[in-house]
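Student: attaching a predicted model along with its sequence, questions to come.
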Amino acid sequence: MVDEDNNDEMFGIQVILPGDDDDGKMKKGPSCPHGPTLLFEKTGAGTKAGRRFYACSACRDRKECNFFQWEDDKVSEARSLAREVENRSKAPPFSQQQYRVRFRKVAAQNEKLFCKDCQLLLLSDERLAHGAHKVIMVNVSQLRRPTALLKPLVSKKSNAQYLFTDRSSNFLLDTLDTLGYSHVLCVGTPRLQELIKLRNLEGNHLVMESLLLDIDFRYAQFYSQDEFCLYNMFNHHFFDGEASQQVLEAFLRGADGGKAVMVMDPPFGGLVKPLASSFSQIAQTWKTLQSPEGTGADMPMIWTFPYFMEPRILECLPSLVMLDYQVDYENHPMYKGGKAGRKQTPVRLFTNIPPKDVVLPKDEGYKLCSKCDRYVWSLNKHCAKCDTCPSKDGREWKHCTACEKCVKPSWKHCQTCGRCALPDHPCSTESGVAAGCFNCGSLEHKRRACPQKDGRRFKTGKPGKKSTTNNKKKKQPGQPAGFKRKASHRSGAARRNRRDATAKSK
Ligand SMILES: C[S@@+](CC[C@H](N)C(=O)[O-])C[C@H]1O[C@@H](n2cnc3c(N)ncnc32)[C@H](O)[C@@H]1O
Ligand SMILES: [Zn+2]
Ligand SMILES: [Zn+2]
Ligand SMILES: [Zn+2]
Ligand SMILES: [Zn+2]
Ligand SMILES: [Zn+2]
Ligand SMILES: [Zn+2]
């Protein structure tokens, strides 16, 4: 589901945000059903600027949203109107207010009905209309656990609804509780919001306020307007516009005097740059709402994402630090903890909370490194030469004196490349400069300019040998050939590569 080389410039396509090259004056892109689209640029070989186009911010698969428009396209009025009609047709069937009224009615019914086919709570008189559907009766506690009732939307290229295990969600909540946070902004973390509400009911903890921002409108059924906003975290778009912005502001204002924190768990294949931009905008809103006597500090945040995205995240949000805690997921085939003990998962916490304050559980194998002043995984041994606990992936790394840094245990120092690498890596030229394309092995170009831009990686160590799997999809007329974004990099080959790189821990 995630590739190690997932980044915003993958396959020679990069996202352009306001401020990148226009002093922030870039006009808003046209909208798809997921709000304003993002502007992408197809970067060719060399320095020449590529052609720009708009595409959906939220879906990385054209089957889910096929919006495409060249930046310089003239769009006819008829096409604009047709788009508006389509966008409206994809909007939720009820407004947040209507959902709330329905929820109250359903909660008051003797028979609380839920249609599994429509993923909708039903009023008694609607049952007939869902006669052929699978309708079940639910109780009050099920109404309080929407993440258990709703079927997770596991399309990897859009919602990727992977839910925290009890272990991970309890750890997160205990940590926030210990650190004294009174307001938790849950961005794409419905299970955390749910757990907060359930704990509040228990009455033996300080009450925490929470607000869920998520693109899955099914959650609107279960929460009031002050508890849920339909939101796209890739373009910072509130589907209910000003009303939702005000809900967010009221929530953050309410935290003045208390402590607010934002916890985000985006789909793992998502582009880091637009995500970071949205999170920064929320943090900025929080900052402007702080009373003048505040400390001027940044809004605390915790972003869960795979460890191999660390360089990209830190490039976009340099104040974050990656912690060793391994987040696991209940319904993810690869990222869930094993039955007997813990299976390693690649998902970590990135935070601007001082790492020493986030106490990682000793009984799960974490320990304090007094030299680094942070909690680390048991196999992450402090290296005196690097003066850090170097491991990123949970394995014990070893120091290479030639490279003057710690490297993965499976790597060997290669005299030809002058650096450590996997023993079967494609070797570089005599010049000592890493040669050729990491994707296909050709010495003619780098991966970014690879004509075979489908994310498959050169794996055999034989330069020039191409993979036989090729799941090319039809491109839209006039659309750049490389426009697949994350669509195909989860081919069997890519998945295997990632597994090699992470779970199997080569
Ligand atoms: C990886 S799951 C995280 C769920 C979390 N682990 C939990 O247990 O609460 C991603 C979440 O982000 C939401 N999501 C996906 N795409 C989104 C988008 N573009 N904007 C906002 N939320 C999105 C999904 O609906 C889902 O709830
Ligand atoms: Zn879209
Ligand atoms: Zn139904
Ligand atoms: Zn250390
Ligand atoms: Zn070292
Ligand atoms: Zn080395
Ligand atoms: Zn080499």
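Tutor: In hand now; what should we look at? Ligands and ions are numbered 1, 2, ... in the order given.
Student: contacts and neighbour counts: CA atoms only from here.
Tutor: Fine.
Student: phi and psi next, for the residue of the stretch 151-300 of the chain at minimum distance from ligand 2.
Tutor: Going by CA to the ion, ligand 2 is nearest to residue 158 of the stretch 151-300 of the chain, at 9.5 Å. When read as degrees, to the nearest 10, the backbone of residue 158 gives phi -140, psi -90.
Student: okay, it and residue 233: tell me how far apart.
Tutor: 12 Å (CA to CA, to the nearest Å).
Student: neighbour count: these two, which is higher?
Tutor: More crowded of residue 158 and residue 233, by other CA atoms under 10 Å: residue 233, with 24 against 21.
Student: please look at the more buried one and residue 275 and confirm they touch.
Tutor: Yes - using CA atoms under 8 Å, residue 233 makes contact with residue 275 at a distance of 6.1 Å.
Student: ok but residue 59 is inside a strand, no?
Tutor: No - Residue 59: not assigned to a strand; according to DSSP: H, G, I helix; E, B strand; the rest coil it is coil.
Student: residues in contact with the residue nearest to it when sequence neighbours are not counted?
Tutor: Using CA to CA, 6 or more residues apart in numbering and skipping the chain neighbours, the partner closest in space to residue 59 is residue 158 (4.6 Å). By CA atoms under 8 Å, 6 or more residues apart in numbering, the contact set of residue 158 is 58, 59, 60, 61, 64, 267.
Student: just to revisit the earlier point, ok, the residue of the stretch 151-300 of the chain closest to ligand 2 to residue 221 distance?
Tutor: In terms of CA to CA, residue 158 sits 21 Å off from residue 221.
Student: any idea which helix is longest in the chain?
Tutor: In the chain, with assignment by DSSP state H, the single longest helix is helix 272-289.
Student: okay, buried residues for that one please.
Tutor: 272-280, 282-283, 285-287, 289 (16 or more other CA atoms under 10 Å).
Student: which element is encountered next along the chain beyond that helix?
Tutor: strand 301-306 (DSSP states H and E).
Student: show the average pLDDT along that following strand.
Tutor: Averaged across strand 301-306, the pLDDT comes to 98.
Student: thought residue 34 was touching residue 57?
Tutor: Yes - taking CA under 8 Å as the definition, residue 34 is a contact partner of residue 57 at 7.2 Å.
Student: and those two? Which one has more around it.
Tutor: More crowded of residue 34 and residue 57, by other CA under 10 Å: residue 57, with 27 against 23.
Student: one step back: so the residue of the stretch 151-300 of the chain closest to ligand 2 versus residue 248, what's the distance?
Tutor: 24 Å.
Student: one more: residue 146?
Tutor: When residue 146 is compared with residue 248 (using CA to CA), they lie 22 Å apart.
Student: so for those two, which residue has more residues nearby?
Tutor: residue 248 (24 against 18).
Student: which helix or strand contains the more buried one?
Tutor: helix 242-254.
Student: now do residue 212
Tutor: Per DSSP H and E: strand 209-214 holds residue 212.
Student: can you spell out which helices and strands pack onto that strand?
Tutor: strand 183-187, helix 190-202, strand 228-232 (3 or more CA pairs under 8 Å, 6 or more residues apart in numbering; DSSP states H and E).
Student: the last one - contacts with which helices or strands?
Tutor: In terms of contact count using 3+ CA pairs under 8 Å, 6+ apart, strand 228-232 is assigned the packing partners strand 209-214, strand 237-238, helix 242-254.
Student: winner for burial among these?
Tutor: Across those, the average number of neighbours (mean count of other CA atoms under 10 Å) peaks for strand 209-214, which reaches a mean of 24.
Student: do it and ligand 1 meet?
Tutor: Yes - using CA under 6 Å from any ligand atom, strand 209-214 comes into contact with ligand 1 via residue 214.
Student: in its sheet, what does that strand sit against?
Tutor: Using DSSP bridges, strand 209-214 pairs in its sheet with strand 183-187 (parallel), strand 228-232 (parallel).
Student: where does the protein dip in pLDDT?
Tutor: 1-11, 22-24, 44-48, 156, 333-343, 428-506 (pLDDT under 70).
Student: and residue 378, what is it in contact with?
Tutor: 365, 366, 367.
Student: hmm, I typed the wrong one, I wanted residue 253.
Tutor: Neighbours of residue 253 in contact, by CA under 8 Å, 6+ apart: 286, 289, 290.
Student: one more: residue 210?
Tutor: Per CA under 8 Å, 6+ apart, neighbours of residue 210: 183, 184, 185, 186, 193, 196, 197, 227.
Student: likewise for residue 131?
Tutor: Per CA under 8 Å, 6+ apart, neighbours of residue 131: none.
Student: can you check residue 71 too?
Tutor: 39, 51, 52, 53, 54.
Student: ditto for residue 105
Tutor: residue 123 are the contacts of residue 105 under CA under 8 Å, 6+ apart.
Student: for it, give its distance to residue 235.
Tutor: 34 Å.
Student: residue 39 belongs to a strand?
Tutor: Yes - counting by three-state DSSP, residue 39 is located in a strand.
Student: now the contacts of residue 210: which count as buried?
Tutor: Looks like the contacts of residue 210 have 183, 184, 185, 186, 193, 196, 197, 227 buried, using 16+ other CA under 10 Å.
Student: would JSON lines of those with distance to residue 348 be doable?
Tutor: As requested, those are exported to JSON lines (distance: CA to CA, whole Å):
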{"residue": "183", "distance to residue 348": "22"}
{"residue": "184", "distance to residue 348": "19"}
{"residue": "185", "distance to residue 348": "19"}
{"residue": "186", "distance to residue 348": "17"}
{"residue": "193", "distance to residue 348": "19"}
{"residue": "196", "distance to residue 348": "21"}
{"residue": "197", "distance to residue 348": "24"}
{"residue": "227", "distance to residue 348": "26"}
